[in-house]
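Visitor: For reference, the sequence and a predicted model appear below.
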Amino acid sequence: MGYPAFMSRSLSQDLASGELAETLAEIAEAAAEVILPYWRSGVAAETKADDSPVTQADREAEALILARLRELWPAVPAVAEEDCEANGPPQAGPLFWLIDPLDGTKGFVQGRESFTVNIALIVDGAPVAGVVSAPATRITWRSAAPGGGAFRRAYGEAWRSIRVRARPDEGVALLSHSLTDDEATRLAARHGCRRWQGMDSSLKFCLLAEGRFDVYPRLGPTSEWDTAAGQAVLEAAGGRVMVEDGQPLRYGKPGWLNGGFVAMGG
């Protein structure tokens, strides 16, 4: 696979070999260790301008991720959730990191398990490498070298290949916890599913990638850092993430915002 001229030789080699995604997994797991002492500790949450919560765990994890990425790949700019909140969103270029240091902060503050660390590399609008790590369960998912599939591991253990499943006769949808039961039932039925389960964070993409569920439709807006890493993992596992016109969800949009999309397994 050829890479654009704006990518450095070292970054291109790291992406092609799969070393980049493995290193991102190590960084995400290090950020998870920063986050875990704050979980179920009564950590206070502040409210940001968009009414979403933020904690000291978010800020410390993001600082670690940004420092590690700058050390390893200093020429690649980063778009990170808390930095955007503090300093305003940067201009989009053809190459950048998308980082959500703690996706699912609301559930994290409430003591739930489904919060994640997310790091993705975007090239020409597409997520070409991504890692999602779940600190509470100590599980990480990652893409591999392009065309090399997707993998999952418990912290400290070997990587195991994962793949989306063929759609069963009765598929099961994953949906945002923000929906009412009636809304969720209607949305699941719209995508051919009689059953559904509510869940926070980018874990939904990873559970599709593992072949445990079948579709994740999203109607409301999300930030690009909420979805990029999960999309990279799901697409590497054989799934798709599409917008209304059937095209893949892409990145670097105005305001770093997504519209509606549907993530699908097999």
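Guide: Everything's here; your move.

Visitor: number of nearby residues for Leu207?
Guide: Leu207: 23 surrounding residues under other CB atoms under 10 Å. Every C-beta, even on glycine, is put in place using the N, C-alpha and C of the backbone.

Visitor: From Ile119, how far off is it?
Guide: Computed as CB to CB, to the nearest Å, the Leu207 to Ile119 distance reads 19 Å.

Visitor: Please state the offset of the lowest-mean-pLDDT helix or strand in the chain from the chain centre?
Guide: Within the chain, no helix or strand scores below strand 46-47, which has a mean of 84 by mean pLDDT, DSSP states H and E. With CA atoms, centre = their mean, to the nearest Å as the basis, strand 46-47 stands 22 Å off its chain's centre.

Visitor: Output the contacting helices and strands for it.
Guide: The contact analysis (3 or more CB pairs under 8 Å, 6 or more residues apart in numbering; DSSP states H and E) places strand 46-47 against strand 53-54.

Visitor: what does the strand it packs on contact?
Guide: Strand 53-54 has contacts (CB atoms under 8 Å, 6 or more residues apart in numbering) with Ala45, Glu46, Thr47, Lys48, Glu82, Glu85, Thr105, Lys106, Val109.

Visitor: filter those to the buried ones?
Guide: Ala45, Glu82, Glu85, Thr105, Val109 (16 or more other CB atoms under 10 Å).

Visitor: Excluding chain neighbours, what is closest to the first one?
Guide: When you say that, I think you mean Ala45. Nearest residue to Ala45 in three dimensions, chain neighbours excluded: Pro53, at 3.9 Å (CB to CB, 6 or more residues apart in numbering).

Visitor: so the residue lying closest to Ser202 once chain neighbours are set aside is in which element?
Guide: Take Ser202 and drop its neighbours on the chain: the residue closest to it by CB to CB, 6+ apart is Gly230, 3.8 Å away. According to DSSP states H and E, Gly230 maps onto helix 224-236.

Visitor: chain center to that helix: distance?
Guide: For helix 224-236, the distance to the chain centre is 5 Å (CA atoms, centre = their mean).

Visitor: still on that earlier bit, right, and the pair among the contacts of strand 53-54 with maximum separation?
Guide: Glu85 and Val109 (16.7 Å; CB to CB).

Visitor: Read off the pLDDT value for Met1.
Guide: Looking at Met1, its pLDDT is 52.

Visitor: Might you report the residue contacts of Thr47?
Guide: Contacts of Thr47 by CB under 8 Å, 6+ apart are Pro53, Val54.

Visitor: ok, and for stretch 241-255, which residues are buried?
Guide: Quick answer for stretch 241-255 (16+ other CB under 10 Å): Val241, Leu249, Arg250, Tyr251, Gly252.
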